[in-house]
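Undergrad: Fold the following for me, if possible:
(chains A, B, C and D)
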There are 2 protein chains.
Amino acid sequence: MSTASARAYDLIRSLILEGRFAPGERLKEEELTDLCGVSRTPVREGLRRLAIEGLVVVTPHQGAQVAAIGEGELAEIYALRAMIEGHAAGRAAVLIGDDDIAKLKALASEMEAAVAAANSDLGGGAAELNARFTPANSEFHRIILDAAMSPRLAAMAALVVEIPLILRTLARYSDAELMRSLQHHRELIAAFEARDEDWARSVMRSHVLAASHAVVRPGVGRVQPD
Amino acid sequence: MSTASARAYDLIRSLILEGRFAPGERLKEEELTDLCGVSRTPVREGLRRLAIEGLVVVTPHQGAQVAAIGEGELAEIYALRAMIEGHAAGRAAVLIGDDDIAKLKALASEMEAAVAAANSDLGGGAAELNARFTPANSEFHRIILDAAMSPRLAAMAALVVEIPLILRTLARYSDAELMRSLQHHRELIAAFEARDEDWARSVMRSHVLAASHAVVRPGVGRVQPD
DNA sequence: AGCCTCAAGATCGCATACAATCACCGAGCC
DNA sequence: GGCTCGGTGATTGTATGCGATCTTGAGGCT
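TA: From the prediction side, this is the model:
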């Protein structure tokens, strides 16, 4: 059995990423104690860990609150993400194995299918798209990150890949942007098969920066409607 | 008064960076309790934080041990550091204030003086050089990182700037390498005064990569003399 | 009316006690 | 003789109690 700390961490993290807590909302330790079914000690440990990962901010004697991020910060985060994931893709290009490439292909197909289903009138639309696309997309990026074989790089990525997820940004993508994203995935796979480090890095940078512009769009999709 | 957690964290971190603990050495919580003068709870918090920063590794039910890093990992860490600090220098070039530039100049002078003193026969040599140079150098890099005004970037930097310090790498620098390092500092300041983002990033990358080659030198300066 | 003071309640930080787990070691068995 | 299997000690993980600090609201003062 895993430790209670880990379970508390996972649960709180999931709740935040699912949007069950509003950005800026205060997280009281006793509340989380009830939710997690463990004592305050492991809850505190999980909270501190999340704080270092940037999902919550803790101020001494004031407790923790869900991180709230502004437009400017989001743009900066995407710039960092382009740098980190680009680097990872470059390393992955020379280190990745054929089995992982096969998995990436399957995930790319899954994402394409998800988009096709949503575009046909039968599909449920944005919600269903999100449900199918997002997990595959996350897995896609995770495989690349793991292939880079650098725990420190992975730790850095953790600092920037999850924040945008809080905002559940997918729904804002236009059709053209989604298509471009799918093409990036295929191009990335091609770069991996060619073992071309520069190509892979470049495509990944494009992929992330494109996503950035789909998300930090002035006046559209504000986090906190006012 | 600061919290006991913070003090425990600072103390353990200092001890590791000073080399009081050998890489790979196991850190028992009760030992640290005695050293820090606080209870196990804040010691544990500090340990977990250090684990995320990569200075120690903790395995469940097995406690913490000082991170031991190999040559390959070190090269990878320097590559990451070049990326991170290069990015930071680029941002800093457009954001830094004149007061910070003045501080950088003072620190550059201090480092030059330290090298000059060590090179003259009066100076105590490598040990004294280390004592004067290293703090000024750390402060130099810290100011640039702060000027970038990005807490996430700072968090990433924390993952890679401290590891090389465990190995106390300065003593291995040749005279030529030290001179080059000093020139990099001056060039960086020039790039800041010119507000040239690309120039600053490029110089910082050179600075870090040069340091990398001074450290990960095959067969020279092994961490654990055997 | 607005601001400051201050006390009560709530919450966090730390210390300590207890429970769970692991490593080490010796005895027994194949 | 080597291997496996419990027993024991040490160490970590978790829960809880107490003191410290912050927030909040009411009351009085300017």
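
Undergrad: Which residues does the helix or strand of chain A with the lowest mean pLDDT contact?
TA: Across the helices and strands of chain A, mean confidence by mean pLDDT, DSSP states H and E is lowest for helix A:163-166: a mean of 77. Helix A:163-166 is contacted from outside by A:16-17, A:19, A:23, A:54-55, A:66-67, A:69, A:74, A:77-78, A:81, A:138, A:211, A:215, using CB atoms under 8 Å, 6 or more residues apart in numbering or on different chains. Where you see a C-beta, it was placed from the backbone N, CA and C, and this is true even at glycine.

Undergrad: Looking at the helix or strand where A:R142 lies now, give me its mean pLDDT.
TA: For A:R142, the host element (DSSP states H and E) is helix A:126-147. For helix A:126-147, mean pLDDT is 90.

Undergrad: Downstream of it, the next helix or strand is which one?
TA: The helix or strand immediately downstream of helix A:126-147 is helix A:151-161, counting by DSSP H and E.

Undergrad: picking up where we left off before, buried residues in the least confident helix or strand of chain A?
TA: Residues of helix A:163-166 classed as buried by neighbour count (16 or more other CB atoms under 10 Å in any protein chain shown): A:I163, A:P164, A:L165, A:I166.

Undergrad: Alpha carbons only: can I get that helix in CSV?
TA: Only the C-alpha atoms of helix A:163-166 are listed here, as CSV (Å, rounded to 0.1, in the frame of the first residue of the first chain):
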residue,chain,number,x,y,z
ILE,A,163,-0.8,24.9,-14.5
PRO,A,164,-2.5,25.3,-17.8
LEU,A,165,-4.6,22.3,-17.0
ILE,A,166,-6.2,24.1,-14.2
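
Undergrad: returning to that earlier point: tell me the one of the contacts of helix A:163-166 nearest DNA strand D?
TA: Using CB to the nearest atom of the strand, A:V66 is the member of the contacts of helix A:163-166 that lies nearest DNA strand D, at 16.2 Å.

Undergrad: List the residues that contact the closest one.
TA: A:I16, A:F21, A:A22, A:P23, A:G24, A:E25, A:L27, A:L55, A:V56, A:I166.

Undergrad: about what we covered before: out of the contacts of helix A:163-166, what pair is the most spread apart?
TA: Within the contacts of helix A:163-166, A:V66 and A:A211 form the most distant pair, 22.3 Å apart (CB to CB).

Undergrad: for stretch A:43-63, what is the average pLDDT?
TA: On average, stretch A:43-63 scores 94.

Undergrad: Might you quantify the distance of it from its chain's geometric centre?
TA: In terms of CA atoms, centre = their mean, to the nearest Å, the gap separating the centre of stretch A:43-63 from the centre of its chain is 19 Å.

Undergrad: mind saving the C-alpha coords of it as CSV?
TA: This file holds the C-alpha atoms of stretch A:43-63, laid out as CSV (Å, rounded to 0.1, in the frame of the first residue of the first chain):
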residue,chain,number,x,y,z
VAL,A,43,-2.2,16.4,4.3
ARG,A,44,0.4,19.0,5.2
GLU,A,45,3.1,17.1,3.4
GLY,A,46,1.0,16.9,0.2
LEU,A,47,0.2,20.6,0.4
ARG,A,48,3.9,21.5,0.7
ARG,A,49,4.7,19.4,-2.3
LEU,A,50,1.9,21.0,-4.3
ALA,A,51,3.2,24.3,-3.2
ILE,A,52,6.7,23.6,-4.7
GLU,A,53,5.1,22.4,-7.9
GLY,A,54,3.2,25.7,-8.0
LEU,A,55,-0.4,24.4,-7.8
VAL,A,56,-1.0,26.0,-4.4
VAL,A,57,0.7,28.8,-2.5
VAL,A,58,1.3,28.6,1.2
THR,A,59,2.0,31.5,3.4
PRO,A,60,3.2,30.9,6.9
HIS,A,61,0.4,30.9,9.5
GLN,A,62,-2.0,31.6,6.7
GLY,A,63,-2.4,28.2,5.2
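
Undergrad: near DNA strand C at all, that stretch?
TA: Yes. Counting by CB under 7 Å from any atom of the strand, contacts between stretch A:43-63 and DNA strand C involve A:R44, A:V58, A:P60, A:H61, A:Q62, A:G63.

Undergrad: Intersect those residues with the contacts of DNA strand D.
TA: A:H61, A:Q62.

Undergrad: if we can go back for a sec, quick check: what element follows the least confident helix or strand of chain A along the chain?
TA: Downstream of helix A:163-166, the first helix or strand assigned by DSSP H and E is helix A:175-193.

Undergrad: how many degrees apart are that next one and helix A:126-147 in direction?
TA: Interaxial angle of helix A:175-193 relative to helix A:126-147 (axes from the mean of the first three to the mean of the last three CA atoms, to 10 degrees): 20 degrees.

Undergrad: Would you mind giving the domain segments of chain A?
TA: A:4-66, A:71-215 (automatic domain parsing).

Undergrad: Could you check the angle the helix ranked longest in chain A makes with helix A:126-147?
TA: In chain A, taking DSSP state H as the definition, the longest helix is helix A:71-95. Here helix A:71-95 runs at an angle of 50 degrees relative to helix A:126-147 (the same axes, to 10 degrees).
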